[in-house]
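Undergrad: here are the coordinates; sequence isn't available:
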């Protein structure tokens, strides 16, 4: 059908902006990003020429621009503004409950309020990714491999098609 397809695996370098993430993996922001770059190089090596491996913030012009866009979406979610998504506070509470086991493994003793805030923070990351992808690429499709419960956040500001792979660790 002569359809041109670009495969891009953009790794979430924005994760290094979180002091909690850096502390959890015992790395500085710079060392965290260096490891991500190394990971992307290894992925590129094994995948060949058909896959472009980049840092996610490269798509939007850097981490400063990422932070500006993310802040907008985080404030929307904090204020119960769910944009063009079908999210609601009750749906977000269900997502928080699904994420609770992972967040407790990451952070130990964490309150319900902290879990909710973290889910909203991550949700804003997904909204930011969806927004940037929609602006920068023609006819994009997101193929997610993390927890499918986070998929609705992509549609906060975009109408992207999102497909999720399944694995045994996310059956619940």
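TA: Thanks, I have the structure now. Computed from a predicted structure; not experimentally measured.
Undergrad: contacting residues for the residue most central in space within the chain?
TA: The C-alpha lying nearest the average C-alpha coordinate of the chain belongs to residue 126 (Cα atoms, centre = their mean; 4.3 Å). Taking Cβ atoms under 8 Å, 6 or more residues apart in numbering as the contact definition, residue 126 lies against 150, 151, 153, 154, 156. From N, CA and C alone the C-beta is placed, and that goes for glycine too.
Undergrad: Just give the number of residues close to the last one.
TA: In other words, residue 156. 22 (other Cβ atoms under 10 Å).
Undergrad: Once you drop chain neighbours, what's closest to it?
TA: residue 127 (3.6 Å; Cβ to Cβ, 6 or more residues apart in numbering).
Undergrad: residues making contact with stretch 153-163?
TA: 73, 76-77, 82-87, 122-127, 129-131, 133-134, 140-144, 151.
Undergrad: Swap in 7 Å and give it another go.
TA: With contacts defined as Cβ atoms under 7 Å, 6 or more residues apart in numbering, stretch 153-163 is touched by 73, 76, 82-85, 123, 126-127, 129-131, 133-134, 140-144, 151.
Undergrad: Same question for that stretch: list its buried residues.
TA: 153, 154, 155, 156, 157, 158, 160, 162 (16 or more other Cβ atoms under 10 Å).
Undergrad: and the nearest residue to the second one once chain neighbours are set aside, which of the three is it?
TA: I take that to be residue 154. Spatial nearest neighbour of residue 154, chain neighbours left out: residue 130 (3.7 Å); criterion: Cβ to Cβ, 6+ apart. Following DSSP: H, G, I helix; E, B strand; the rest coil, we place residue 130 in the helix state.
Undergrad: Near residue 130, how many other residues are there?
TA: Using other Cβ under 10 Å, residue 130 is surrounded by 25 other residues.
Undergrad: Distance of it relative to residue 85?
TA: To residue 85, residue 130 is 9 Å away according to Cβ to Cβ, to the nearest Å.
Undergrad: out of the contacts of stretch 153-163, which are buried?
TA: In the contacts of stretch 153-163, the ones that pass as buried (16+ other Cβ under 10 Å) are 73, 76, 82-83, 85, 123, 126-127, 129-131, 133-134, 140, 142, 151.
Undergrad: secondary structure element for the closest residue to residue 52 other than its chain neighbours?
TA: Nearest residue to residue 52, sequence neighbours excluded (Cβ to Cβ, 6+ apart): residue 8, at 4.6 Å. Assessed by DSSP states H and E, residue 8 sits inside strand 7-11.
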